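Novice: No letters, just coordinates:
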């Protein structure tokens, strides 16, 4: 990330587990050049008591956090005596979005509702949010500021522990299909995020239910999502990746089948809109290789070429 005009430096690195995002530097933090430097701020104690750090770190040790998988930033960069002195223009949503896009943290945890509200202009509840930034989940913690002393320490610690538990991905198994027609096009479904409106083009398929194997799951999913009931080809690819699914972080193990058809008229047998699927499209290889739209998996063009 480019250097920021802040009295307190960002503590960031690629592929962190979680970036903690405060609201802005206060005067004590600005003087120390360190996040949450006020001795009455409980952030560092909560971080240790919740199990994020093996010992109680001092604010001056902030640059040791990335080795543990954590980072630090602020929603607004300007130093003020108090967060109430901030203006709406002090918050830069695009900077937060760029952080997620460029550094790909598993999650961003906003330390205080006002940090999240300043960035996104909406009032959150504590805990995981439905909104996300790409595959980066968003979580809202209680403020650790001494101004939030009305919230007992035990309650704030409960939310920090809830965050640590939430950051551990749930295992999930899924079956998906590369559906190719006689014109060598691949069928993708248009998935749209229910809050942000972000669109991804995804392969048909979904979760393997309890008692199913991958073959049974993909047969069911193809009938439900596109109305296709045909003999399946072989397994041609597998992958494991961490992603965000409706306020949950999962480690998904995916099995991809090859399905060839001469042609097919897509006709779902379930309400796919309820699953945030809004349409479909047959893509040529050239279109996959040249598009700027989001495709999942991102290496789909290379895989289709190999098939």
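Specialist: Nice, thanks for sending it over. These numbers come from a predicted model, not from an experiment.
Novice: hey, let's count contacts and neighbours off CA atoms from now on
Specialist: OK.
Novice: so where do the strands sit in the protein?
Specialist: 18-22, 70-74, 107-111, 127-133, 136-141, 170-180, 186-192, 199-202, 205-207, 235-245, 248-260, 277-283, 294-296 (DSSP state E).
Novice: could you give the angle of the fourth one to strand 248-260?
Specialist: In other words, strand 127-133. Taking axes from the mean of the first three to the mean of the last three C-alpha atoms, to 10 degrees, strand 127-133 and strand 248-260 form an angle of 40 degrees between their directions.
Novice: Give me the residues contacting strand 127-133.
Specialist: Strand 127-133 is touched from outside by 97, 100-101, 137-141, 159, 162-163, 195-196, 244, 246-248, with contacts defined as C-alpha atoms under 8 Å, 6 or more residues apart in numbering.
Novice: What number of residues are in the vicinity of the residue lying closest to residue 40 once chain neighbours are set aside?
Specialist: Nearest in space to residue 40, with sequence neighbours left out and distances taken as C-alpha to C-alpha, 6 or more residues apart in numbering, is residue 146 at 5.8 Å. Neighbours of residue 146 under the rule other C-alpha atoms under 10 Å: 13.
Novice: And the contacts of strand 127-133, which of them are buried?
Specialist: By neighbour count, with 16 or more other C-alpha atoms under 10 Å, the contacts of strand 127-133 hold 97, 100, 137-141, 159, 162-163, 244, 247-248 as buried.
Novice: Distance to residue 270 and pLDDT added to those residues, as TSV?
Specialist: Below are the buried ones among the contacts of strand 127-133 laid out as TSV (distance: C-alpha to C-alpha, whole Å; pLDDT from 0 to 100):
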residue	distance to residue 270	pLDDT
97	34	94
100	34	95
137	28	94
138	30	96
139	32	97
140	34	98
141	37	98
159	37	98
162	35	98
163	34	98
244	23	86
247	23	87
248	24	91
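Novice: Return the closest of those residues with respect to residue 307.
Specialist: Nearest to residue 307, judged by C-alpha to C-alpha, of the buried ones among the contacts of strand 127-133 is residue 244 at 28.6 Å.
Novice: gap between the closest residue to that closest one other than its chain neighbours and residue 49?
Specialist: Nearest residue to residue 244, sequence neighbours excluded (C-alpha to C-alpha, 6+ apart): residue 135, at 5.6 Å. From residue 135 across to residue 49, the span is 28 Å (C-alpha to C-alpha, to the nearest Å).
Novice: Same check on residue 167?
Specialist: On the measure of C-alpha to C-alpha, residue 167 and residue 49 end up 16 Å apart.
Novice: Out of the strands of the chain, which is closest to residue 214?
Specialist: For the strands of the chain, the distance to residue 214 is smallest for strand 170-180, at 5.5 Å, taking C-alpha to C-alpha.
Novice: Flag every buried residue along that closest one.
Specialist: Buried residues in strand 170-180, counting neighbours by 16+ other C-alpha under 10 Å, are found at 172, 173, 174, 175, 176, 177, 178, 179, 180.
Novice: One more: stretch 14-32?
Specialist: By 16+ other C-alpha under 10 Å, the buried positions in stretch 14-32 come out as 15-30.
Novice: Give me the most central residue, this structure.
Specialist: Using C-alpha atoms, centre = their mean, the residue of the chain that lies closest to the mean C-alpha position is residue 136, 2.0 Å off.
Novice: Is it bridged to anything, and to what?
Specialist: Under DSSP bridges, the beta-bridge partners of residue 136 are residue 133.
Novice: and residue 299, how many neighbours does it have?
Specialist: Counted with other C-alpha under 10 Å, residue 299 comes out at 11.
Novice: How about residue 281?
Specialist: 13.
Novice: list the contacts for it?
Specialist: Per C-alpha under 8 Å, 6+ apart, neighbours of residue 281: 187, 188, 189, 190.
Novice: hmm, try it at 7 Å
Specialist: Listed by C-alpha atoms under 7 Å, 6 or more residues apart in numbering, the contact set of residue 281 reads 187, 188, 189.
Novice: just residue 190 next, same as before
Specialist: Neighbouring residues of residue 190 by C-alpha under 7 Å, 6+ apart: 199, 200, 201, 202, 277, 278, 279, 280.
Novice: Tell me how far it lies from residue 258.
Specialist: The spacing between residue 190 and residue 258, counted by C-alpha to C-alpha, is 20 Å.
Novice: try residue 212
Specialist: 19 Å.
Novice: Show me the contact partners of the longest helix seen in the chain.
Specialist: In the chain, with assignment by DSSP state H, the single longest helix is helix 153-167. Residues from elsewhere that reach helix 153-167 (C-alpha under 7 Å, 6+ apart): 46, 50, 141, 142, 249.
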